[in-house]
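Novice: Just need the structure, nothing else, for what follows:
(chains A and B)
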There are 2 protein chains.
Amino acid sequence: MKVLVLGGDGYLGWPTAMSFASKGHDVVVLDNYLRRNMARETNSEALIHSQNLDERAELFFAMTGKRIEIIIGDCSRDRIMLEAVQKLTPDVVIHYAEQPSGPYSMRGFDEAKLTLDNNLGVTFNLIWAVIKYAPNCHIIKLGTMGEYGTPNIDIEEGWIEVTHNGRNDKFLYPRQAGSLYHTTKVLDTDLLWFYVRSYGIRVTDLMQGPVYGLSTEESDLDDRLLPNFHYDDIFGTVVNRFLVQAVADVPLTVYGKGGQTRGYLNLRDTLQCVELAMLNPPKNGELRIFNQFTELFSVNELAAKIQYVGNTMGLNVKIDKVSNPRKEAEEHYYNAKRDGLIELGLSPTLLTDDVISSMIEKVLLYKNLINIPKILPRVRWSGK
Amino acid sequence: MKVLVLGGDGYLGWPTAMSFASKGHDVVVLDNYLRRNMARETNSEALIHSQNLDERAELFFAMTGKRIEIIIGDCSRDRIMLEAVQKLTPDVVIHYAEQPSGPYSMRGFDEAKLTLDNNLGVTFNLIWAVIKYAPNCHIIKLGTMGEYGTPNIDIEEGWIEVTHNGRNDKFLYPRQAGSLYHTTKVLDTDLLWFYVRSYGIRVTDLMQGPVYGLSTEESDLDDRLLPNFHYDDIFGTVVNRFLVQAVADVPLTVYGKGGQTRGYLNLRDTLQCVELAMLNPPKNGELRIFNQFTELFSVNELAAKIQYVGNTMGLNVKIDKVSNPRKEAEEHYYNAKRDGLIELGLSPTLLTDDVISSMIEKVLLYKNLINIPKILPRVRWSGK
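Specialist: Here you go, the predicted structure:
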């Protein structure tokens, strides 16, 4: 298939590009290095320096004989997005091209504005590029489980039947997110759903939980192919942060009470999920939504797991509860469904002791690059 | 009170500014004539030419001794919005500053993009202006009943209790709108609700139905104070269009089967509703939502009413069912609540025969200005 990966420089985008190229698809990456620029400006660079996309695509070709085409451009600019789709007429576009950090979106006006404009702008341009130039193209959009927030009812996969005063109807599942970043994903979903209904485009919205992991089958060939691995408070997800804290001999920082429960998944499973969505497209006029995670954990459970495995490896892992920089429920009901991708064939990679120890081993190789002040919360949800 | 009216040149904005100035409030209007420019570009100008804001404010002062301060500026530009709120520190901001037309938003890419950027941009800038410079300021935001679409369950006022698998929670009422314009109002609501939860601002979201009418107490002083009255397919609402068709001796154009039911209100009642919201503010951290309409009618019922009254006045009013340019249900369940504003004291001005005949009489005075081709649908919901 002809696959266009928007945001193909990212933590998920680059491994996706390699994985799909390995499987024989024609892969084109479009990215403008926005995340790298933001990371540099906020002193939040990844643990291991990544070569640029052209260099990595060259290395990947040298090692595998598979080509990944690279286009450097900003898909929040309409001309760039529309021309790319017009020229390539892809079968699938995988849309990762968003400012991906909750804390970044909560730093202040400028960061919030960038997040809103970029994320909505890319989604809007992509919708129109597909309407105009590739109406049968399947848009695979990365959403987030964070769109749902922490409701007091079971979380369904995107839709809910509501009975009210004796009548009933089916709606998008209610969404109320915990950061402006997550809120832009809610807006994305609203926008996609409108254009699916109006113009019959076809979309899969993958409501993904926090992803962890450093490596994939392709990056195992050479560490220079590793995805960017963030462990800072802004771009790092909680498991990755804890792995680095365990190695750096600083306490794992649990925000608040630590009862916050979410659905997590391994980076390798993200690739499986996106591929399953791609190989099983929805029909035109359908917005299909999957919840994309494999296991539910509270932050306390994650900390305890990593502490346990770290200590068996001779580390001395401590846990420290710190004042919560976010506004969120620290103890709450959480029961989220995730049957759709399993039914399509997802075979989960669970967060076993072996998986944790292999991630810790990898981080240990780069221990000297860890910059501890980056890990502690630097952004508070207080505004202004 | 110190009141800032965003979009104060508009069909609702200008009458609001006059009404509140008459009642002794300090009124400042901020507008960039966007709607006038769009109307000219699409050959959709209002029936009666309006003087510019400076001229009308001068005339209003001459007639009443009340001042309305005019600022010409684009509040989708952050500096302009933030500086206005910083300088004025208003008690209330009334936010009408949106591209207000469904058909305009469905003309094509450029119009859709303008609608998305302008509407979200103004709302976002306003939120931040208030957070930074006037945290106790009450934002009164004009939403639309169109956000709800036509669900198969009763439409509550903004919120709904959902019981699911034996548990329950309260959420924003589900929203699925029928045009991109209406969808931007959904996004506005999501955005406001996020910032209300996060930063404790206070907001009233008025989910307004289609408004009809030409005049208000203040415009009765002099026709040069009339609000802009659109009867075209792009900016005109259905009742206003029908009034003009009745006078122009062309059939009332019912789109499709005509069973489309909505909640309507008189322009004079919009002023009442906004004032009631202003005088009874929500507390900080509250998003209060009212459904703002007074009566439910199907399009067929409206056409029949105007035909009946027109014919008693000696007109020869015909009704013509035309192919529906929109994608919408033409026969559907519709039961919407509207208790909140009544409880605050709204005294509805109903669409009686007298009200209809007085509107027809006003339009008759300007019959020679009617341009018939503007009335028929020029925008179809087919995209591209």
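
Novice: and the stretch 101-250 of chain A, which of its residues are near chain B?
Specialist: Within reach of chain B by Cβ under 8 Å from any Cβ of the partner chain, the stretch 101-250 of chain A has these residues: A:106, A:109, A:112-113, A:116, A:120, A:124, A:128, A:131-132, A:151-154, A:156, A:160, A:162-165, A:167-169, A:171-172, A:174-177, A:180, A:183, A:186-187, A:190-191, A:193-194, A:197-199. Every C-beta, even on glycine, is put in place using the N, C-alpha and C of the backbone.

Novice: Now, of the residues you listed, which are buried?
Specialist: Neighbour-count burial (16 or more other Cβ atoms under 10 Å in any protein chain shown) applied to those gives A:106, A:109, A:112-113, A:116, A:120, A:124, A:128, A:131, A:151, A:153-154, A:156, A:160, A:162, A:164, A:169, A:171-172, A:174-177, A:180, A:183, A:186-187, A:190-191, A:193-194, A:197-199.

Novice: What segments of the stretch 151-300 of chain A are helices?
Specialist: Along the stretch 151-300 of chain A, the segments classed as helices by DSSP state H, counting those that start in this stretch run A:180-199, A:238-248, A:267-279, A:299-312.

Novice: Save the ones you listed as a markdown table, and put in distance to residue B:85 and mean pLDDT too.
Specialist: A markdown table is the format used below for the helices of the stretch 151-300 of chain A (distance: least, Cβ to Cβ, whole Å; pLDDT from 0 to 100):
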| stretch | distance to residue B:85 | mean pLDDT |
| --- | --- | --- |
| helix A:180-199 | 19 | 98 |
| helix A:238-248 | 37 | 97 |
| helix A:267-279 | 42 | 98 |
| helix A:299-312 | 38 | 98 |
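
Novice: nearest to residue B:238, of the ones you listed?
Specialist: Closest approach to residue B:238 among those is made by helix A:180-199 (20.3 Å; Cβ to Cβ).

Novice: for the closest one, packing partners?
Specialist: helix A:102-105, helix A:109-133, strand A:138-144, strand A:167-172, strand A:202-208, strand A:287-292, helix B:180-199 (3 or more Cβ pairs under 8 Å, 6 or more residues apart in numbering or on different chains; DSSP states H and E).

Novice: What pLDDT is listed against the closest residue to residue A:308 other than its chain neighbours?
Specialist: Leaving aside its sequence neighbours, residue A:308 sits nearest to residue A:353 (Cβ to Cβ, 6 or more residues apart in numbering or on different chains; 7.5 Å). Residue A:353 carries a pLDDT value of 98.

Novice: From residue A:213, how far out is residue A:353?
Specialist: Residue A:353 is 15 Å from residue A:213, where distance means Cβ to Cβ, to the nearest Å.

Novice: So if I had to pick from these two, which one is more boxed in?
Specialist: It is residue A:213, of residue A:353 and residue A:213, that has more neighbours when counted by other Cβ atoms under 10 Å in any protein chain shown, with 26 against 12.

Novice: returning to what we had before: the residue nearest to residue A:308 is in contact with residue A:307, isn't it?
Specialist: No - using Cβ atoms under 8 Å, residue A:353 makes no contact with residue A:307, being 11.7 Å away.

Novice: between the helices of the stretch 151-300 of chain A, which one is nearest to residue B:358?
Specialist: helix A:180-199 (38.2 Å).

Novice: got the angle for that closest one vs helix B:180-199?
Specialist: Relative orientation of helix A:180-199 versus helix B:180-199 (axes from the mean of the first three to the mean of the last three Cα atoms, to 10 degrees): 160 degrees.

Novice: Spatially nearest residue to the residue of the stretch 201-350 of chain A found nearest chain B (excluding sequence neighbours)?
Specialist: Here the residue of the stretch 201-350 of chain A nearest chain B is residue A:327; by Cβ to the nearest Cβ that distance is 5.9 Å. Using Cβ to Cβ, 6+ apart and skipping residues adjacent in sequence, the residue nearest residue A:327 is residue A:381, 4.5 Å away.

Novice: Over to residue A:8?
Specialist: Using Cβ to Cβ, 6+ apart and skipping the chain neighbours, the partner closest in space to residue A:8 is residue A:29 (3.0 Å).

Novice: quick one on the thing from earlier: now name the helix or strand holding the residue of the stretch 201-350 of chain A closest to chain B.
Specialist: Assigned by DSSP states H and E, residue A:327 falls within no helix or strand.

Novice: Is it in contact with residue B:196, as I believe?
Specialist: No - between residue A:327 and residue B:196 there is no contact under Cβ under 8 Å: 11.8 Å.

Novice: When those two are compared, which one has more neighbours?
Specialist: Between residue A:327 and residue B:196, counting by other Cβ under 10 Å, residue B:196 is the more crowded of the two (21 against 14).

Novice: you'd agree that one is up against residue B:203?
Specialist: Yes - under the criterion of Cβ under 8 Å, residue B:196 makes contact with residue B:203 at 5.5 Å.

Novice: Now do the shared contacts for these two.
Specialist: B:286-287 (Cβ atoms under 8 Å, 6 or more residues apart in numbering or on different chains).

Novice: can I assume residue A:18 sits in a strand?
Specialist: No - per DSSP: H, G, I helix; E, B strand; the rest coil, residue A:18 lies outside any strand segment and is helix.

Novice: measure residue A:117 to residue A:98 for me?
Specialist: As judged by Cβ to Cβ, residue A:117 and residue A:98 stand 11 Å apart.

Novice: neighbours around residue A:85, how many?
Specialist: Residue A:85 sits with 24 neighbouring residues when counted by other Cβ under 10 Å.

Novice: Please identify the helix or strand for it.
Specialist: Using DSSP H and E, residue A:85 sits in helix A:78-88.

Novice: quick one: contacts for the residue with the largest distance to the centre of chain A?
Specialist: Taking Cα atoms, centre = their mean, the residue of chain A most remote from its mean C-alpha position is residue A:166, at 39.4 Å. Neighbour list for residue A:166: empty [criterion: Cβ under 8 Å, 6+ apart].

Novice: Please apply the same query to residue A:356.
Specialist: A:243, A:305-306, A:309.

Novice: need those residues in JSON lines with distance to residue A:372 and neighbour count, can you?
Specialist: Below are the contacts of residue A:356 laid out as JSON lines (distance: Cβ to Cβ, whole Å; neighbours: other Cβ atoms under 10 Å in any protein chain shown):
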{"residue": "A:243", "distance to residue A:372": "14", "neighbour count": "27"}
{"residue": "A:305", "distance to residue A:372": "22", "neighbour count": "17"}
{"residue": "A:306", "distance to residue A:372": "17", "neighbour count": "26"}
{"residue": "A:309", "distance to residue A:372": "21", "neighbour count": "23"}
